[in-house]
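K.L.:
Predicted coordinates and the sequence they were generated for:
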There are 2 protein chains.
Amino acid sequence: MLLKDLGERGVISRIRRQWAGGGHGVVLGIGDDAALVRGPKNLLITTDLLIEDVDFRQALHPPRLLGRKALSVNLSDIAAMGGRPLHAVLGLALPGATELAWLEAFLDGFREAARRSGVALAGGDISASRQVMIAVTVTGKAASVVPRSGARPGDALFVSGTLGDAAQGRKLLEAGHRPGEKGAAGRLLRAFLDPSPRLELGAALAGGKISAAMIDLSDGLSVDLAHICEESGVGAEIDLGRIPLSPALRRLSDDPLDAALNGGEDFELLFAVRPANLGRALALGERFKITRIGRITRDTKILAVDAAGRRRPLKIKGYEHFR
Amino acid sequence: MLLKDLGERGVISRIRRQWAGGGHGVVLGIGDDAALVRGPKNLLITTDLLIEDVDFRQALHPPRLLGRKALSVNLSDIAAMGGRPLHAVLGLALPGATELAWLEAFLDGFREAARRSGVALAGGDISASRQVMIAVTVTGKAASVVPRSGARPGDALFVSGTLGDAAQGRKLLEAGHRPGEKGAAGRLLRAFLDPSPRLELGAALAGGKISAAMIDLSDGLSVDLAHICEESGVGAEIDLGRIPLSPALRRLSDDPLDAALNGGEDFELLFAVRPANLGRALALGERFKITRIGRITRDTKILAVDAAGRRRPLKIKGYEHFR
């Protein structure tokens, strides 16, 4: 069945049935003009668009994973503030010729990601379009927020996970590899198709006041580090040899360092730690994969340090949507 | 200049400069992973999509009015809950070949509507697309919320303003009339291009606990009344002769009643009032244009009553996005 056979109200009532019972703090959910929820005093709000043929290819991205990703990229923003996600609203613009099965799988994935992170769907909007567009807004709360602007000279710089996998996964997908593959290619594909928001790490860093500045790596390390430096009025040095690269990326990429620096979509956390908190940050390494990759400097330049100790300006090169 | 010349980050920094100073209760605004705002305990959230060639034509809708409308349609949802709007986040997907002047005018309009209603832009996202897509999410607060589900048999039904103007305005636009026209056509065009959210009326009805159920007329009176009846488990009778029609609509529409019943996009309020509150509702008529158009019934049918007192089932016919 196609969406145009079911009709707009048919689609909405299906979504509503699936989410019956609301969730944590949802007083009035789907089915009113606006949702009424219990809001925290310190309210986080973030929104992200996923656009067909820009952020994903409908034929290549399994809809269940796309549904998960649509929420996960927003959860990653909440994680980067050190917050806990609360509610989501989902805006969906779809061609009338979309298969209902596609939408159902998308919603299954969205619900999985919501359940896993304790997020309640509070409402949404649905419309027709020629190109699939997904607009998700997520609220959250944070006892202690970690902004981009808190880095100071002398802070240590850390990242979570490994970098560049998602960018290489995207390349593999475009080159004909398919989700479900085993081995190294499969791992890289999954990094792109189904990223994991680092909510627990973000909350641990914020709750313990361990990180002074934080951002999630959506544009690529070089661009996102530049954001931290710009907002904080500082510079940084990155030790290129310390950037965490997965064995899969090393095996399948011609230039793993370029993927890690400029690839984007890793949805890992980049954070700055004061010297006094370094011990506690390193101790988090027992629970989370984190790597110290450099330091914040007073000079506002951003430098890359190679194995021989040579410093060169880091090329700031990220994904540009408008082309 | 085109957006692709300015680049994504150039666009964002322009928006950020224009909104410098944040607004009411915005602690961290544009420029972080998520916005941090002061949230109320009773938090309203609503989201609306405007899609090119579905909800508007880029060549026919002046961008400044489109920017106003993108916020206004969300404000109308907050009004329908009896709330006061607080914050907005703006998701914009635009072709790279969009003129910067178009975006600037759009943002001017968005800012006008925000200033007028006391809304602060907390954040957003921007992406590329083939088709313009606008996704706005608005938060609000409400001391006393008016749901769709509160109508009971015996309640009187009221609407604000006049109905059908926007639908006829849309038709005139498609037929070659142009914004800026004087007289009747101009009034109808403006109703479609630049609707006014009924925030003050909604707040007065909610604050005084005058309305028991409320909805904004976005799909058309027949569909939106059906929503109230369905959510409340009741029926209704509408006196066709009482539906408020503007002189402009009567002059320029072949079937003004059809436009009023099924046209949609009026963004007026439809609300139910208990008999005990009828006097106070009628007294609001001194400050607001409101019209009593019918009553809520126990029988779940929705009937239209003509001038001769004959009752017939009302045809529930609204705008369908998927075609």
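P.N.:
That came through, no problem.
K.L.:
can you give me the strands for chain A?
P.N.:
In chain A, strands defined by DSSP state E lie at A:26-28, A:35-38, A:42-51, A:84-94, A:120-128, A:133-141, A:156-160, A:213-216, A:235-239, A:269-273, A:290-297, A:302-305, A:311-313, listed in chain order.
K.L.:
what ranges do the helices span in the stretch 51-200 of chain A?
P.N.:
Ranges of helices in the stretch 51-200 of chain A, per DSSP state H, counting those that start in this stretch, are A:63-80, A:100-117, A:165-174, A:183-193, A:199-207.
K.L.:
could the strands of chain A go into a markdown table alongside mean neighbour count and mean pLDDT?
P.N.:
Using the backbone N, CA and C atoms, a C-beta is placed for each residue, glycine as well. Compiled in a markdown table, the strands of chain A are given as follows (neighbours: other CB atoms under 10 Å in any protein chain shown; pLDDT from 0 to 100):
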| stretch | mean neighbour count | mean pLDDT |
| --- | --- | --- |
| strand A:26-28 | 19 | 84 |
| strand A:35-38 | 23 | 89 |
| strand A:42-51 | 25 | 96 |
| strand A:84-94 | 26 | 96 |
| strand A:120-128 | 24 | 93 |
| strand A:133-141 | 28 | 97 |
| strand A:156-160 | 24 | 98 |
| strand A:213-216 | 27 | 97 |
| strand A:235-239 | 21 | 98 |
| strand A:269-273 | 29 | 98 |
| strand A:290-297 | 21 | 98 |
| strand A:302-305 | 19 | 97 |
| strand A:311-313 | 10 | 96 |
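K.L.:
want to throw those into JSON lines with distance to chain B?
P.N.:
Supplementary listing: these in JSON lines, determined by distance: least, CB to the nearest CB, whole Å:
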{"stretch": "strand A:26-28", "distance to chain B": "6"}
{"stretch": "strand A:35-38", "distance to chain B": "5"}
{"stretch": "strand A:42-51", "distance to chain B": "3"}
{"stretch": "strand A:84-94", "distance to chain B": "4"}
{"stretch": "strand A:120-128", "distance to chain B": "4"}
{"stretch": "strand A:133-141", "distance to chain B": "3"}
{"stretch": "strand A:156-160", "distance to chain B": "14"}
{"stretch": "strand A:213-216", "distance to chain B": "6"}
{"stretch": "strand A:235-239", "distance to chain B": "18"}
{"stretch": "strand A:269-273", "distance to chain B": "10"}
{"stretch": "strand A:290-297", "distance to chain B": "17"}
{"stretch": "strand A:302-305", "distance to chain B": "15"}
{"stretch": "strand A:311-313", "distance to chain B": "18"}
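K.L.:
So for B:Ala88, which of those strands sits nearest?
P.N.:
Ranking the strands of chain A by their distance to B:Ala88 (criterion: CB to CB) puts strand A:42-51 first, at 9.3 Å.
K.L.:
just to revisit the earlier point, please identify the deepest-packed of the helices of the stretch 51-200 of chain A.
P.N.:
Stretch with highest mean neighbour count among these: helix A:63-80 (a mean of 27; mean count of other CB atoms under 10 Å in any protein chain shown).
K.L.:
low-confidence ranges in the stretch 201-323 of chain A?
P.N.:
Applying pLDDT under 70 to the predicted model, the residue ranges of the stretch 201-323 of chain A that meet it are A:323.
K.L.:
returning to that earlier point: so which of the strands of chain A comes closest to B:Leu94?
P.N.:
Distances from B:Leu94 to each of those were compared using CB to CB; the shortest belongs to strand A:42-51, at 10.1 Å.
K.L.:
Put the alpha carbons of that closest one into PDB.
P.N.:
Output of strand A:42-51 as PDB, limited to C-alpha atoms (Å, rounded to 0.1, in the frame of the first residue of the first chain):
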ATOM      1  CA  ASN A  42      16.800  23.900  32.200                       C
ATOM      2  CA  LEU A  43      15.400  22.900  28.900                       C
ATOM      3  CA  LEU A  44      17.600  21.800  26.000                       C
ATOM      4  CA  ILE A  45      16.200  22.000  22.500                       C
ATOM      5  CA  THR A  46      17.800  20.800  19.300                       C
ATOM      6  CA  THR A  47      16.700  20.200  15.800                       C
ATOM      7  CA  ASP A  48      18.100  18.300  12.800                       C
ATOM      8  CA  LEU A  49      17.100  17.800   9.200                       C
ATOM      9  CA  LEU A  50      17.800  14.700   7.200                       C
ATOM     10  CA  ILE A  51      17.200  15.300   3.500                       C
END
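K.L.:
Next, the angle strand A:133-141 makes with it.
P.N.:
For strand A:42-51 against strand A:133-141, the angle by axes from the mean of the first three to the mean of the last three CA atoms, to 10 degrees is 170 degrees.
K.L.:
Counting by contacts, list what strand A:42-51 packs against.
P.N.:
In this structure, strand A:42-51 makes packing contacts with helix A:63-80, strand A:133-141, strand B:35-38, strand B:84-94, strand B:120-128, strand B:133-141, judged by 3 or more CB pairs under 8 Å, 6 or more residues apart in numbering or on different chains; DSSP states H and E.
K.L.:
With distance to B:Ser222 added, can I get the ones you listed in CSV?
P.N.:
Written out in CSV, the entries for these read as follows (distance: least, CB to CB, whole Å):
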stretch, distance to B:Ser222
helix A:63-80, 33
strand A:133-141, 28
strand B:35-38, 38
strand B:84-94, 28
strand B:120-128, 35
strand B:133-141, 26
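K.L.:
quick one: contacts for the closest residue to A:Gly123 other than its chain neighbours?
P.N.:
In space, A:Gly123 comes closest to A:Ala35 once its chain neighbours are excluded; the distance is 4.1 Å by CB to CB, 6 or more residues apart in numbering or on different chains. A:Ala35 is in contact with A:26, A:28-29, A:87, A:89, A:122-123, B:44-46, counting by CB atoms under 8 Å, 6 or more residues apart in numbering or on different chains.
K.L.:
beta partners for A:Ala35?
P.N.:
Each beta-bridge partner of A:Ala35 is listed here, defined by DSSP bridges: B:Ile45.
K.L.:
mind putting the contacts of A:Ala35 in CSV, distance to A:Ala114 included?
P.N.:
Converted to CSV, the contacts of A:Ala35 look like this (distance: CB to CB, whole Å):
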residue, distance to A:Ala114
A:Val26, 12
A:Leu28, 18
A:Gly29, 13
A:His87, 10
A:Val89, 12
A:Ala122, 11
A:Gly123, 13
B:Leu44, 20
B:Ile45, 15
B:Thr46, 19
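K.L.:
A:Asp306: which of the helices of the stretch 51-200 of chain A is closest?
P.N.:
Short answer: helix A:165-174, nearest of these by CB to CB, at 21.2 Å.
K.L.:
want to throw the helices of the stretch 51-200 of chain A into TSV with distance to B:Arg111?
P.N.:
Conversion of those to TSV gives the following (distance: least, CB to CB, whole Å):
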stretch	distance to B:Arg111
helix A:63-80	24
helix A:100-117	32
helix A:165-174	35
helix A:183-193	37
helix A:199-207	32
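K.L.:
which one of the ones you listed lies closest to B:Ala304?
P.N.:
The nearest among the helices of the stretch 51-200 of chain A, by CB to CB, is helix A:100-117 at 33.5 Å.
K.L.:
For that closest one, give the mean pLDDT please.
P.N.:
Summarised as a single mean, pLDDT over helix A:100-117 is 95.
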